[in-house]
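Enquirer: coordinates only, sequence not included:
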């Protein structure tokens, strides 16, 4: 069931809004000329009306039971923000330039996560487009855009969005986003859109005036949960499923990234997520383009990935926080909060081998058994990273890994992700060691809410050992501080790190063994049980051997590489990468005793036979 | 992890209680001689102490942090009720007489649901034992006992229990229940125990003083949900899993009936119910006796039945309310409340053919899609009934079907259940058309709670069309009214109905086609789309043809029975059953036009070849 205002052409627009308990709804045309048109209700509570003599760009509201006038919950654009009227968009008018675009296959993706507001000084899509060449040059082929659904004010990570169909006005609105996606496709870059189906933002959410989008069955950190299984949930599901399809159809995006599906509460025999994925897959088939669903799931539950026939949701890939936590704790030695559960080399070895570290083992932090085993799932089902918006932004000072560890360790972290048997994700700026933090920021209007957010942030850090107070999220300076400093990118160590990332990405793309996701084509050893991990990966005749020394000191190791010669392909300790030189030989055959530099990473490739 | 007081013999008893946030716990021996013994805490928050010089029958409490003294959450007996001290029970002392007992296989079960308090005038296990011969004579081979866990006061359905391990004192306590189970087994009757793992009763529940048994993540009609997936849930799971095993081991029960699993909220990768069933199955293997898990699930979700490998819970059978609702609405024409969703003959045909009527279709009552398809599950996975404690007791006046429909219709309902391809369940007294209602009753001590229960009942009936007010649940008279009148059982129509039930049960047991649960060996036709259902069932050479006329009038039908002669086995319209005589011939071969009496049921059996 289509919802929202659909411009039919010829000055006609169909309005559909859901309000099962409402007795009367009028479409209130706010501009260009004020008028009111009564709507008709069907048995499921959908109100509908085709209005004549109306054109794209017109503003409207819905008047409910002769009282409040509210924006459309399925508004396609909120030019004046979350409290203002909705605007009629004609999605047929944009001149797409991407015919024949097939999208980047998931297995080949190098994902780059972007927050539009801080990615550039201007903080909009137009400015972001200007940076696409830089990304393409880096080797990135998929941009993951943090949520763009209209949120309150002009500064927000995006998870406080209240109009899932409307593109943030301050980012450039619908036209801006379409131009951005179009430009990405022209440069051979897929677009993954972060969508939030687990809650509405706290300000400007008028959905409760219309219908039971929320249920009190479940409690979330944001209040009642989205109603996916209580009375009238069919229509709520429709709202979000239509939303996903809308982005694919009208904005040509290539994948959605479902935020926090652990907060999607649903005990139905047919879970919403199953239904959503099925609908996306059927659209994918119809438009002969592979469309993906990626998800964030704090539960480490492979049910997300399992096929529907096995009770799963059939999602294509999930974020793997465990991988991050292993790399982070081994390099920083932090043990506060959820890092308590990590820090051991055998855990990282398991992460490299299987994905989830917690496969229904007891978690000290969570005080219960946690997770499920991902060992039987191909590596392309998991997205890994050494940094992302949460892992940086949810630190009290929003400091990036580059502020926390040595340059050598930073390079090791990059290698651990980019040479992993999983889909790698880079957070904007990470590739050149951006100095700016990525802080938490909002721009609410309600003083009560502003205060609640401030207090909430403080509490969030209580279980970590950080001293002092977090920067004020509401302060514009907090937002401005978080912007990337593009001018530093080509300077000194920033430039070196950038080249380093570029080189690793290039190797990942060119060596078959590095893009193999078969769990049977990998052998991980926790060498000497000594924070030194070796990874052997192969595909056909292509074979690589990667050594990662997580110790902050030189380590003596014994390496045995049989079956012909092995040539060194990459060494982070090389002077080329600002290392202080490596003891690792250019070629290895048989057994060798070697000294490996602190926090270094080296990769050998098996020589072709006869060479 | 064993919890509670375990008498080790020789005057020694081990106490184990869970209290992760408590700093100090003493075992307080209340009698025979008051003394206090400090306990020791382990890393998971279990407190433990082996106490010497103590014997079964001693009373004890736990003193928490030098303050409140509370009964044991895992108390094995509360002789003075929910607020009193706990008693040490020696489970090794009972003289069991059932060695070699293997239990009745699920597929053969004829279940009889009993509420101990109202089953007899005395309202205890001893009196219930005296009635077992009557049940065995009826043909019942499994007694399902409504919850016996200690509840507040002396009158309660049992769903307000607060001590899941303690047998209700007013029913006869642990000794009484063991004698009852022992007697059942000696008569060849299995015992199914109704257990409540979805909430604690509202009075006498002191678990919150000990540990986080409850989570605020989810809201149930009874407040917070049992904590099966939040922090510290491992220990809560242990509590209930130990409970199930405890009943099987110490009370020799044959099956548990899990109350309302739709109110067990659990988003874990490994759900509690999966874990529970696994543990019961492994105990089953160990003690070489088939132990069953049966469940009530309002969601009509076959996930309960599916094997663990397919994401299911592996439960052996679930109650099928849809079957009841079909029979009930077709006979009573009631359409209030959830009956709105039923009433059509094609729905009943689907219920007979598949089980669940709602297999993800839209439910008008629930205002959403509902259910899942059970068509691929054998009939032995579903328990059906035309009456049960809920379907009677949750009517405002607790009136049984015998008060609502004609004697003919009552017989039809009995046949619809007992000749069904599912496991039949009879509610106590149903078999002879008991006149007494089965009302809702409680005996709380707290005036606030008493009032809340009264108001709750009134609200529950708001969506039905019943006039007036329900009887006062707290009034003892309400309880007394609900007791069976055994003295009427051998009189007039009561006796006739009893014989009728006995005959149907006997036929079900003796005719192979009637105990076949294969969904491929059944053919259901909604004849003339006219409230007249024909069911053909077969197994090997055994074949039956059942006709059920749900019309309150004579109906002309065309029957075609090929492949040799068919002999009439049973006809509810016969004068023998107080009918006014049947037009259905004693034998049929080929096509016949027949007149079938109002609300009658007839069954033909295919003659053996050559006969």
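Expert: Structure's in. What do you need? From a predicted model like this one, the values you see are computed outputs, not experimental measurements.
Enquirer: burial count for the residue of the stretch 201-350 of chain A found nearest chain B?
Expert: Using CB to the nearest CB, the single residue of the stretch 201-350 of chain A nearest to chain B is residue A:311, 2.2 Å away. Every C-beta, even on glycine, is put in place using the N, C-alpha and C of the backbone. Applying other CB atoms under 10 Å in any protein chain shown, we find 17 residues neighbouring residue A:311.
Enquirer: what domains does the record give for chain A?
Expert: A:4-87, A:106-197+A:233-505, A:518-606 (automatic domain parsing).
Enquirer: ok, back up a step: excluding covalently adjacent residues, which one is nearest to the residue of the stretch 201-350 of chain A closest to chain B?
Expert: In space, and not counting its chain neighbours, residue A:311 is closest to residue B:311: 2.2 Å by CB to CB, 6 or more residues apart in numbering or on different chains.
Enquirer: just checking, that neighbour touches residue B:303?
Expert: Yes: with contact defined as CB atoms under 8 Å, residue B:311 reaches residue B:303; the gap is 6.6 Å.
Enquirer: tell me the contacts of residue A:516?
Expert: For residue A:516, the residues meeting the contact criterion (CB atoms under 8 Å, 6 or more residues apart in numbering or on different chains) are A:421, A:522, A:537-539.
Enquirer: what does residue A:312 give?
Expert: The neighbourhood of residue A:312, defined by CB under 8 Å, 6+ apart, consists of A:274, A:302-306, B:311.
Enquirer: helix, strand or coil for it?
Expert: Applying DSSP: H, G, I helix; E, B strand; the rest coil to residue A:312 yields a three-state assignment of coil.
Enquirer: same check, this time on residue A:289
Expert: Counting by three-state DSSP, the backbone at residue A:289 sits in coil.
Enquirer: Remind me which helix or strand the residue lying closest to residue A:326 once chain neighbours are set aside belongs to.
Expert: Counting by CB to CB, 6+ apart, residue A:326 lies nearest to residue A:348, which is 4.0 Å off, once chain neighbours are set aside. Residue A:348 is part of helix A:345-353, with elements assigned from DSSP states H and E.
Enquirer: Packing partners of that helix?
Expert: Of the remaining helices and strands, those touching helix A:345-353 by 3 or more CB pairs under 8 Å, 6 or more residues apart in numbering or on different chains; DSSP states H and E are helix A:321-332, strand A:522-527, strand A:532-539.
Enquirer: helix or strand right after that helix?
Expert: Tracing the chain C-terminally past helix A:345-353 and defining elements by DSSP H and E, one meets strand A:359-363 next.
Enquirer: Do the helix or strand following that next one and chain B come into contact?
Expert: Reading on from strand A:359-363 to the C-terminus, the next helix or strand found by DSSP H and E is strand A:368-371. Yes: counting by CB under 8 Å from any CB of the partner chain, contacts between strand A:368-371 and chain B involve A:368-369, A:371.
Enquirer: Mean confidence (pLDDT) on strand A:368-371, please.
Expert: Mean pLDDT, computed over strand A:368-371, is 98.
Enquirer: buried stuff in it?
Expert: With burial defined by 16 or more other CB atoms under 10 Å in any protein chain shown, the residues of strand A:368-371 counted as buried are A:368-371.
Enquirer: Of all the residues in the stretch 451-600 of chain A, which one is nearest chain B?
Expert: residue A:463 (12.5 Å).
Enquirer: doesn't residue A:334 make contact with that residue?
Expert: No: between residue A:463 and residue A:334 no contact is recorded; they are 11.8 Å apart, counting by CB under 8 Å.
Enquirer: With neighbour numbers in mind, choose between the two.
Expert: More neighbours sit around residue A:334 than around the other of residue A:463 and residue A:334, counting by other CB under 10 Å; the figures are 18 against 12.
Enquirer: Figure out the helix or strand that the more buried one lives in.
Expert: Counting by DSSP H and E, no helix or strand carries residue A:334.
Enquirer: before we move on, the earlier item: which of the contacts of residue A:312 tops the neighbour count?
Expert: Ranked by neighbour count (other CB under 10 Å), the contacts of residue A:312 have residue A:304 at the top, with 27 neighbours.
Enquirer: you'd agree it is up against residue A:261?
Expert: Yes: under the contact definition of CB under 8 Å, residue A:304 touches residue A:261, with a separation of 6.5 Å.
Enquirer: about what we covered before: any chance you could list what contacts the helix holding residue A:348?
Expert: The set of residues that contact helix A:345-353 without belonging to it, under CB under 8 Å, 6+ apart, is A:320, A:322-323, A:326-327, A:330, A:357, A:375, A:416, A:420-421, A:519, A:522, A:524-526, A:529-533, A:535, A:550.
Enquirer: All set, thanks.
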